[in-house]
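Asks: compute the structure for the input listed below.
(2 chains)
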Amino acid sequence: MLAKANRVVRGADYRLVVRRGRRYPGANTITHVLARDSDAAPRFGFIVAKNVGNAVVRNRVRRRLKAASWELLSETRPGTDIVVRALPGAASASWASLRGELTTAIERGAALA
RNA sequence: UGGGUCGGCCAGACGGUCGCGUCGCCCGCGAGGGCGCCGAGGAACGUCCGGGCUCCGCAGAGCAUGGCGGUGGGUAACGCCCACCCGGGGUAACCCGCGAGAAAGUGCAACAGAGAGCAGACCGCCGUCCGCCUGCGCGGGCGGUAAGGGUGAAACGGUGGUGUAAGAGACCACCAGCGCCCGGUGUGAGCCGGGCGGCUGGGUAAACCUCGCCAGGAGCAAGGUCGGACAGGGGACAGUGAGGCUGCUCGCCGAGUCCCCGGGUUGACCGCUGGAGGGGCGUGGUGACGCGUCCCCGAGAUAGAUGGCCGUCCGCUGCCCUCGGGCAGUGACAGAACCCGGCGUAUCGGCCGGCCCAUUCC
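Replies: Residues are numbered from 1 along each chain as shown, chains lettered A, B, ... in the order given. Next up is the predicted model:
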């Protein structure tokens, strides 16, 4: 799981990444990637809206996305902010497909180290 | 053994691996790191009640408004819980009732029916008069009546008798209901028994209403500390009383208040978890619950930790089938956000116990 240092936690940061970052749509997620001028650790943020499911479902989706992000953390270029928005299909998506979507988006975002 | 009824409890298990959050200790100037403890629910849910807590400058009184409604207890309090009463259902265990007042007033009630709220007379029954007829009778007018028929959820007590032209609480007996009185019993709602009276005057109060009881307002985005940012302008009212805790009146306090346009911040910390807390034992009580004593500390996040992945077993479903396995899928409802007590709602499945009925055996 991701430590707090690897999380996007400010509302302003979320807005910045979603508006200015490049979008990579997947079957169950939309990934926004924005490179900052920094060599700080990469940061991940997650948006799971109510149309995904009830609170239990949303928690599970966000935790799986966090776990997938943690596995990709060491391979992500420093100074990158990534925000993943979960779509309603993410509730029933398999672990492998979620992780695959995220990997593809980061690769295409040229954010791999 | 089968069926029923009531109550309590659990909420997949184990392992591996990689992680997250608070707190404590240690290391480090610091960023941070290491170790250890703990880390979602019976409903955490809905936010429907009740409280604690916080602020509103907490004199207060009345009205309004809202809620509650058998009795007695429990509780911090309740619209909750317990016991009992009454009424209804069930062979029974047991369940159900939004359980005050309908002769204080106002309102409401489809269809059917002659008539539905100070009721009414369609068929019928009876008397009398007239007409027809040999006659039994038939038809009509007037009057009496409400026993019988019929309508309805409901038709102004029921049964039997006296009475009468036929009938009728018109009168009588018993029963039911209403009111009053007396005796016994229970803390009480009531219950049991006896007497008297007029002879009865439905439902709806989750319709207005009446009676009794309860209730200040807003809510942790409460409220406070620190830091940061910014830009003011206009209008209304104001010791002749602004404003002050939903509305009104009285009373009290007594100085700035409110609105619009524009601009800025939406950071950190406190509140924040040790409490009507949990467990054991004893004790009072039918019980809800109370009392005493010992032990324990058991979540505090803030884009929001409490988990991700893998394996074995377990349960369920489907298929195959050599009747014992194999394969595949799946794991109820649901996620703390100041904290408690309730209620309501959702829920795959499982465990335990009390009681009742039927049946079999001894």
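Asks: work out for me the element the residue positioned nearest the centre of chain A sits within.
Replies: The centroid of chain A falls nearest to A:V84 when counting by C-alpha atoms, centre = their mean (3.3 Å). Using DSSP states H and E, A:V84 sits within strand A:80-86.
Asks: do that strand and RNA strand B meet?
Replies: No: using C-beta under 7 Å from any atom of the strand, we find that strand A:80-86 stays clear of RNA strand B, coming within 7.9 Å at best. In this view, the C-beta of every residue, glycine as well, is placed from N, C-alpha and C.
Asks: helices or strands up against that strand?
Replies: helix A:11-20, strand A:29-35, strand A:43-48, helix A:55-72, helix A:95-108 (3 or more C-beta pairs under 8 Å, 6 or more residues apart in numbering; DSSP states H and E).
Asks: turn the ones you listed into TSV, including distance to RNA strand B.
Replies: TSV is the format used below for those (distance: least, C-beta to the nearest atom of the strand, whole Å):
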stretch	distance to RNA strand B
helix A:11-20	4
strand A:29-35	12
strand A:43-48	5
helix A:55-72	3
helix A:95-108	4
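Asks: make CSV out of these and add mean pLDDT and mean neighbour count.
Replies: Converted to CSV, the helices and strands packed on strand A:80-86 look like this (pLDDT from 0 to 100; neighbours: other C-beta atoms under 10 Å):
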stretch, mean pLDDT, mean neighbour count
helix A:11-20, 82, 13
strand A:29-35, 89, 21
strand A:43-48, 89, 22
helix A:55-72, 89, 17
helix A:95-108, 87, 17
